[in-house]
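J.: Show me the folded form of this:
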Amino acid sequence: MIPGAIAFGQDSAALGAAPVPPAIVIGFVGGYVHGNNMVHTEVQLAAKLRAEYPAGVYVQCFPNHNRKQVHAEIVRLLDTDHDGKLSDEEKKAARIILYGHSWGASEAVTLARVLDKEGIPVLLTIQVDSVRKCHEKDALIPANVAEAANFYQPHGLVHGRKEIRAADPAGTEILGNFLFDYKKSPVHCYCAYPWLDRVFMKAHTEIECDPKVWGQVESLIRARLPEAKSADATATPAP
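T.: The predicted structure is shown next:
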């Protein structure tokens, strides 16, 4: 089991009902960042949600090159009868949210595409300054995704994709392509970020540490999860 996994289905099993898989929230960091590097906001968000949803929700953040490992963990979580394969009913019960920054955003869409080929639905994908990885297509949201949102900034050596579109517009709602311009409204990123990022990828780093962006990301995620146990579980309104 990947660290951070949460036990689920115990109450249902006690009542004799079919176990229910947890809601699954997966984040991907960009570049060559480790999934537990708390400097990065996508990791901080995962830790915050994991602390506030102690049961019924699985939350974890991963490096963007760990797709096979993440896919195997999703299958394990959905396999509520533990027979090593997913039935149509287990697939239909999936409640999956995928988000990421930079290469991590591209990886989120790619993982959604893998799940699409297996008939597994995805509630939501969120891309923050998405940068396409080699052999990936981060602009086209696969048909198994119900909703998708894209946050981007247009400046610098590394900048995000301006527009995402749905492979099936009738089945996928694009919530928006939201522009943030840090030349007009700069954001100070704390010095824990590597100086190379802060100098040569300034705007790309700014959107990663912008509380307005991540407040909206958090709000979108929370709106699709059960009520948090924490009394202070508040969120910024969604865009």
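
J.: Can you check which helix is longest in the protein?
T.: Using DSSP state H to define each element, the chain has its longest helix at helix 103-117.

J.: Tell me which helix or strand comes right after that one.
T.: In the C-terminal direction, the helix or strand that comes right after helix 103-117 (DSSP states H and E) is strand 122-128.

J.: for residue 119, what are its contacts?
T.: 88, 91, 144 (CB atoms under 8 Å, 6 or more residues apart in numbering). Heads up, the C-betas are built off the backbone N, CA and C, glycines and all.

J.: which of those residues are buried?
T.: Listed as buried from these are 91, 144; burial here means 16 or more other CB atoms under 10 Å.

J.: returning to that earlier point: how big is the angle separating the longest helix of the chain from strand 122-128?
T.: 160 degrees (axes from the mean of the first three to the mean of the last three CA atoms, to 10 degrees).

J.: hmm, who's touching helix 103-117?
T.: Taking CB under 8 Å, 6+ apart as the rule, helix 103-117 contacts 26-31, 42, 64-65, 67, 70-71, 74, 94, 96, 98-100, 121-122, 125-133, 136-138, 140-145, 160, 164.

J.: for the record, mean pLDDT for it?
T.: The pLDDT scores in helix 103-117 average 98.

J.: in it, what's buried?
T.: For helix 103-117, the buried set under the neighbour-count rule, 16+ other CB under 10 Å, comprises 103-116.

J.: what would those look like in TSV with distance to residue 207?
T.: Rendered in TSV, the data for the buried residues of helix 103-117 read as follows (distance: CB to CB, whole Å):
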residue	distance to residue 207
103	14
104	13
105	11
106	15
107	17
108	16
109	17
110	20
111	21
112	21
113	24
114	26
115	26
116	27
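
J.: Among those residues, which one sits closest to residue 197?
T.: residue 103 (13.4 Å; CB to CB).

J.: Report the separation between that closest one and residue 46.
T.: From residue 103 over to residue 46 the distance is 17 Å, taken as CB to CB, to the nearest Å.

J.: On the strand side of things, show who the residue nearest to the spatial centre of the chain bridges to.
T.: Geometric centre of the chain, nearest residue: residue 99, 1.9 Å, by CA atoms, centre = their mean. Applying DSSP bridges to residue 99 yields these beta-bridge partners: residue 27, residue 126.

J.: For it, give me the pLDDT.
T.: At residue 99, the model reports a pLDDT of 98.

J.: From residue 109, how far out is it?
T.: 10 Å.

J.: Look at residue 146 and tell me its secondary structure.
T.: strand (DSSP: H, G, I helix; E, B strand; the rest coil).

J.: Next, the contact list for it, please.
T.: With contacts defined as CB under 8 Å, 6+ apart, residue 146 is in contact with 121, 122, 123, 124, 171, 172, 173.

J.: And those residues, which is closest to residue 203?
T.: residue 124 (25.1 Å).

J.: This structure: strands as residue ranges?
T.: If DSSP state E is used as the criterion, the strands of the chain fall at 23-28, 57-62, 96-101, 122-128, 140-141, 145-152, 165-166, 173-179.

J.: Now do the first one: which elements does it pack against?
T.: Using 3 or more CB pairs under 8 Å, 6 or more residues apart in numbering; DSSP states H and E, the elements in contact with strand 23-28 are helix 41-52, strand 57-62, helix 67-78, strand 96-101, helix 103-117.

J.: how close does residue 175 get to residue 150?
T.: Relative to residue 150, residue 175 is positioned 8 Å away (CB to CB).
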